[in-house]
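**Student:** Pasted the sequence and its predicted model underneath.
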Amino acid sequence: MARATWNGTTIAEGDTVIVENNHYFPRSAVNTELLRESDTHSVCPWKGTASYYSIELDGAVNTDAAWTYPEPKDAAAEIKDHFAFWNGVEVTA
């Protein structure tokens, strides 16, 4: 079981899928009330288009600290509806 925390608050906790050294948490394991959709997107040649989310917590914002592949390519189907974190979010397993 893995846990993602930022500023002492758990953002996600549960079993993950590890892809390219990133832990992808299922949506059901993520406190999505702390996430705000961003206009940022990136494209991976084999995973598809990622959508980013910022974390808002106690008045602080961590911009684009979470991402997900809402419609991944077939090669990355296992991470559909999963979130990964970076930019100061600590993930421990």
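**Tutor:** Great, that's in hand.

**Student:** measure the closest residue to residue 80 other than its chain neighbours to residue 31 for me?
**Tutor:** Nearest non-adjacent residue to residue 80, counting by Cβ to Cβ, 6 or more residues apart in numbering: residue 72, 5.3 Å away. C-beta here means a position set from N, CA and C on the backbone, and glycine is covered the same way. Noted for residue 72: a distance of 22 Å to residue 31, by Cβ to Cβ, to the nearest Å.

**Student:** neighbour-wise, which of these two wins?
**Tutor:** Set residue 72 next to residue 31 and count neighbours by other Cβ atoms under 10 Å: residue 72 wins out with 21 against 14.

**Student:** Mind telling me what element the more buried one is part of?
**Tutor:** Following DSSP states H and E, one finds residue 72 outside all helices and strands.

**Student:** Start at 157, not 1
**Tutor:** Got it, first residue is 157 now, which makes that one residue 228.

**Student:** so what's it up against?
**Tutor:** The contact partners of residue 228, taken as Cβ atoms under 8 Å, 6 or more residues apart in numbering, are 203-204, 235-236.

**Student:** per-residue confidence at residue 202?
**Tutor:** Listed pLDDT for residue 202 reads 97.

**Student:** I'd assumed it was in a strand, is it?
**Tutor:** No - applying DSSP: H, G, I helix; E, B strand; the rest coil, one finds residue 202 to be coil, outside a strand.
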